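In: Got a sequence here, can you model it:
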Amino acid sequence: MELIINKIEKLTGQIEIPGSKSHTIRAVVIASLANGTSKIINPLFSDDTKAAINGCKALGAKIKQQGNLILIEGFNAKPQEPKEKLDMLNSGTSINMLTSIAALGNFKVTLDGDNSLRKRPLQPLLGALENLGVSAKSINNNNCPPIEIQGPIKGGKTEVDCKSSQYVSSLLISCPLIEKDTEIIVKNLCEIPYIKMTLKWLDDFNIKYENKNLEYFKIYGNQKYNSFEKSIPADWSSAAFPICAAAITQSDVLIKGPDINDTQGDKKIIDYLKKMGADINLEEKGIRVKGKELKGCEIDLNKTPDLLPIMAVVACFAKGETKLTNVAHARIKETDRIKVMHDELKKMNADITELKDGLVIRHKTLKGASLTGHSDHRVVMALSLAGLIAEGKTVIDTAESVSVTYPNYFETMKALGANFGVG
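Out: Residues are numbered from 1 along each chain as shown. Okay, here's the model as predicted:
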């Protein structure tokens with residue numbers, strides 16, 4: 001699918017942001033591990049959450065959707081042997097979380113995904129699990145999916161390179177359910193807010209663990225998750241796109257749903273934009289964004305790598321120079337997002353330089369162009385906003401990939417006045 005965008009003057013109105021992908025997947029996974037039936041309210045229904053749901057079903061959870069609810073009867077920490085390989089589609093979060101869940105069983109499980117997922121490195125998690133008694137290998141010996149897991153996890157001591165927070169979160173969620181205690185040493189700590197999100201979920205279930213500065217964990221064994229009822233908060237990662245759209249088009253827009261007190265790291269988008277001069281206020285009904293002239297600055301994106309694509313676009317609009325730094329791990333997402341955003345924005349006349357761990361961008365008027373979305377939902381959405389401020393027409397391919405996290409993104413933006421068309 002191609003997305004066709006034409007420049008607009010202003011956006012206006014208000015929109016509601018869908019539920020958080022990160023929270024939804026954690027809720028689905030923990031409900032599947034729990035004893036009893038759980039109710040998840042206002043979850044995100046997207047390709048990524050579908051991958052987690054289907055994987056948990058294959059491992060024995062009984063899951064059904066009723067309107068804006070997901071009802072899950074868990075398998076009480078005892079996954080069943082699946083009849084076929086688990087297809088994690090394009091979901092890095094799902095394959096990481098389910099790898100450790102599969103390792104709770106005493107049987108072989110194969111986990112795979114699409115071509116993009118097959119380029120995502122999993123070796124740090126596989127190596128950590130092997131130290132805990134699991135046979136965990138990349139079938140093609142390239143450290144990427146498809147992978148084969150043979151449990152069970154036996155506990156003990158392990159070490160994990162935290163280029164992705166998902167490796168650590170995966171272990172934190174599954175290890176309380178084994179018989180023995182587990183000690184985890186974390187190296188190269190990145191994406192801290194997502195680890196804190198996982199710990200908040202553990203705290204909600206009274207899971208006992210020791211934590212030393214997120215660099216060492218001791219997780220006590222013989223614990224369990226009980227069934228629960230929880231409402232999923234709105235997704236800050238998705239909210240970032242209409243928030244930034246309003247900021248760069250000098251519009252007046254109300255964004256409803258996101259909770260500034262939630263654990264999601266991408267709420268930092270508010271701080272980043274304010275640092276650049278944006279007029280953003282938290283109102284009773286939501287977040288009010290009033291666009292005004294933005295100024296370049298230096299922003300450390302280590303904790304929020306998913307914001308790199310959209311911040312690269314904002315930087316093109318901001319006066320002066322913007323440096324996005326300390327975010328080398330953005331190269332191991334759905335795509336090498338540093339290279340991809342450099343290459344695609346360059347096609348639009350951007351003054352942009354690629355760094356090892358980020359980008360340097362100087363203000364320059366963008367021009368419409370034919371762009372490649374690289375089947376990366378965040379790249380497509382970011383480039384769609386570049387199209388709103390670029391002279392002429394912009395066309396982006398693989399636009400269907402937005403369904404990974406924000407299925408109604410096009411409709412939402414059109415409701416605000418974005419000139420989006422599908423070709």
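
In: tally of neighbours for Phe107?
Out: 13 (other CB atoms under 10 Å). No exception for glycine: its C-beta is placed from N, CA and C like everyone else's.

In: In terms of pLDDT, where does Pro124 sit?
Out: Turning to Pro124, the model gives it a pLDDT of 98.

In: And Gly291, by the same measure?
Out: Gly291 is given a pLDDT of 87.

In: which residues in the stretch 301-423 of the chain form strands?
Out: All strands of the stretch 301-423 of the chain, identified by DSSP state E, counting those that start in this stretch, fall at 321-325, 351-355, 358-362, 370-371, 393-396, 419-422.

In: could you dump these to TSV with mean pLDDT and distance to Asp114?
Out: Output for the strands of the stretch 301-423 of the chain, formatted as TSV (pLDDT from 0 to 100; distance: least, CB to CB, whole Å):
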stretch	mean pLDDT	distance to Asp114
strand 321-325	98	27
strand 351-355	98	26
strand 358-362	98	27
strand 370-371	98	21
strand 393-396	98	19
strand 419-422	95	22
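
In: and of these, who's closest to Thr12?
Out: Smallest distance to Thr12 across these (CB to CB): 13.3 Å, for strand 419-422.

In: can you pull the buried residues of the closest one?
Out: Using 16 or more other CB atoms under 10 Å as the test for burial, strand 419-422 gives Phe420.

In: which helices and strands sit right next to that strand?
Out: Applying 3 or more CB pairs under 8 Å, 6 or more residues apart in numbering; DSSP states H and E, one finds that strand 419-422 makes contact with strand 3-6, helix 409-415.

In: The ones you listed: which one's closest to Ile195?
Out: Of the helices and strands packed on strand 419-422, nearest to Ile195 by CB to CB is helix 409-415, at 27.3 Å.

In: Name the residues that touch that closest one?
Out: 3, 13, 15, 238, 241-242, 245, 381, 384, 399, 402, 406, 420, 422 (CB atoms under 8 Å, 6 or more residues apart in numbering).

In: so which of these comes closest to Asp112?
Out: Distances from Asp112 to the contacts of helix 409-415, taken by CB to CB, are shortest for Val402, at 22.8 Å.

In: so how many other residues sit close to the closest one?
Out: 25.

In: And the helices in the stretch 251-400 of the chain, which stretches?
Out: Using DSSP state H, counting those that start in this stretch, the helices of the stretch 251-400 of the chain run over 269-275, 308-317, 337-347, 377-389.

In: Just the CA trace of the second one, in CSV.
Out: If I follow you right, that is helix 308-317. Taking Å, rounded to 0.1, in the frame of the first residue of the first chain, the C-alpha atoms of helix 308-317 are listed here in CSV:
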residue,chain,number,x,y,z
LEU,A,308,14.2,8.5,16.9
PRO,A,309,12.2,8.5,13.6
ILE,A,310,9.7,11.2,14.6
MET,A,311,12.3,13.3,16.3
ALA,A,312,14.4,13.2,13.1
VAL,A,313,11.4,14.8,11.3
VAL,A,314,10.8,17.4,14.0
ALA,A,315,14.5,18.3,13.8
CYS,A,316,14.1,19.1,10.1
PHE,A,317,11.4,21.7,11.1
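
In: Packed most tightly, which of the helices and strands packed on strand 419-422 would that be?
Out: strand 3-6 (a mean of 21; mean count of other CB atoms under 10 Å).

In: partners of that strand, with directions?
Out: Strand 3-6 has its sheet partners listed here by DSSP bridges as strand 393-396 (antiparallel), strand 419-422 (antiparallel).

In: Just send these back as TSV, with distance to His374 too.
Out: Shown next, in TSV, are the strands paired with strand 3-6 (distance: least, CB to CB, whole Å):
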stretch	distance to His374
strand 393-396	10
strand 419-422	18
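
In: Which of these sits closest to Leu89?
Out: Closest among the strands paired with strand 3-6, using CB to CB: strand 393-396, at 20.8 Å.

In: Using CSV, write out every CA atom in that closest one.
Out: C-alpha atoms of strand 393-396 as CSV (Å, rounded to 0.1, in the frame of the first residue of the first chain):
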residue,chain,number,x,y,z
LYS,A,393,3.5,15.5,-2.9
THR,A,394,5.1,12.7,-0.9
VAL,A,395,4.5,9.0,-1.5
ILE,A,396,5.5,6.3,1.0
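
In: check contacts around Leu254.
Out: 13-15, 283, 285-289.

In: what's across from it in the sheet?
Out: Gln14, Arg288.

In: so how far is Asp47 from it?
Out: 28 Å (CB to CB, to the nearest Å).

In: Enumerate every residue touching the closest residue to Tyr220 other than its chain neighbours.
Out: The shortest distance from Tyr220 to any non-neighbouring residue, by CB to CB, 6 or more residues apart in numbering, is to Lys208 (4.6 Å). Taking CB under 8 Å, 6+ apart, we find Lys208 in contact with 176, 219-220, 223.

In: mind giving me the domain split of the chain?
Out: 3-19+233-422, 21-231 (automatic domain parsing).

In: end-to-end on the first one?
Out: This means domain 3-19+233-422. Start-to-end span of domain 3-19+233-422 (CA to CA, to the nearest Å) is 5 Å.

In: Likewise for the longest one?
Out: The stretch domain 21-231 measures 13 Å between its terminal residues, going by CA to CA.
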